[in-house]
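**Student:** below are the sequence and a predicted model; questions follow.
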Amino acid sequence: DIQMTQSPSSLSASVGDRVTITCRASQSISSYLNWYQQKPGKAPKLLIYAASSLQSGVPSRFSGSGSGTDFTLTISSLQPEDFATYYCQQSYSTFVTFGQGTKLEIK
Amino acid sequence: QITLKESGPTLVKPTQTLTLTCTFSGFSLSTSGVGVGWIRQPPGKALEWLALIYWNDDKRYSPSLKSRLTITKDTSKNQVVLTMTNMDPVDTATYYCAHEGGGYDNWFDPWGQGTLVTVSS
């Protein structure tokens, strides 16, 4: 299996902050990396696919970058509705795997 | 608009078999490039992918759970069924089905609302 490791596991930030979450794969996955946002009690929502493509309807303050083994999700200016848990997911392998999640909390 | 909804028992006993149904609309599993996946999430924990089925009946399973899982589709009913045998309390989780991005892209969008399954005697 390809292991996905996110850092940090949790993060406190304020509205308006620029925030970066990192995801590292245990082997090269090219650009087969996707990001999801999950709010409490809700299903995950796709934000970014193929490392840097913004899903339709997702605000432009979200962006993704990286290739190979190291990837980042950046929120340029945090909004109140962005406080949630974020997951990365690799789709390079036949066997999909997710990261352990990063919980973004209000400071 | 694509929608998916999971259904099945909320409580199962240890050693029993769980059968979950994903009923969807807005797409057809007979259309080339289409897939449906199952993902679960134990309370307070991370997402875990379980299985995928594609329009061509290609099926993929999590290696760690492969011996316990079966995924099937009923194109005429717009349904995908997941069965998991020999349920254990550690299988307590919210189970989601999701539309696969298309053409083996293997990203999931959108997701169903999820159904919480508790394994307890």
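**Tutor:** Thanks, I have the structure now.
**Student:** which ones are touching A:D1?
**Tutor:** Going by CB atoms under 8 Å, 6 or more residues apart in numbering or on different chains, A:D1 touches A:S93, A:F95, A:T97, B:P63, B:S64. Just so you know, the C-beta spots here come from the backbone N, C-alpha and C atoms, and that holds for glycine as well.
**Student:** now list the buried members of those.
**Tutor:** Among the contacts of A:D1, the ones that count as buried by 16 or more other CB atoms under 10 Å in any protein chain shown are A:F95, A:T97.
**Student:** what pLDDT does the model give the residue located most distally from the centre of chain A?
**Tutor:** Centroid-distance maximum for chain A: A:T94 at 20.2 Å, with CA atoms, centre = their mean. A:T94 is assigned 84 on the pLDDT scale.
**Student:** pretty sure B:G37 contacts B:L47?
**Tutor:** No: counting by CB atoms under 8 Å, B:G37 sits too far from B:L47 to count as a contact (11.0 Å).
**Student:** state the distance from B:P42 to chain A.
**Tutor:** In this view, B:P42 and chain A are 12 Å apart by CB to the nearest CB, to the nearest Å.
**Student:** what's around the nearest residue to that residue once chain neighbours are set aside, how many residues?
**Tutor:** Once flanking residues are discounted, B:P42 sits nearest to B:A93: 4.5 Å by CB to CB, 6 or more residues apart in numbering or on different chains. Burial measure for B:A93: 21 neighbouring residues, criterion other CB atoms under 10 Å in any protein chain shown.
**Student:** one step back: OK, contacts around the residue farthest from the centre of chain A?
**Tutor:** Counted by CB under 8 Å, 6+ apart, A:T94 has contacts B:R60.
**Student:** helix, strand, or coil at it?
**Tutor:** coil (DSSP: H, G, I helix; E, B strand; the rest coil).
**Student:** surely B:A98 meets B:G114?
**Tutor:** No: taking CB under 8 Å as the definition, B:A98 is not a contact partner of B:G114, at 9.9 Å.
**Student:** who's more crowded, these two?
**Tutor:** Counted by other CB under 10 Å, B:A98 and B:G114 do not tie: B:A98 has more neighbours, with 27 against 22.
**Student:** now the element after the strand or helix carrying that one, going C-ward?
**Tutor:** Element membership for B:A98 (DSSP states H and E) is strand B:93-100. Toward the C-terminal end, the helix or strand that comes next after strand B:93-100 (DSSP H and E) is strand B:108-111.
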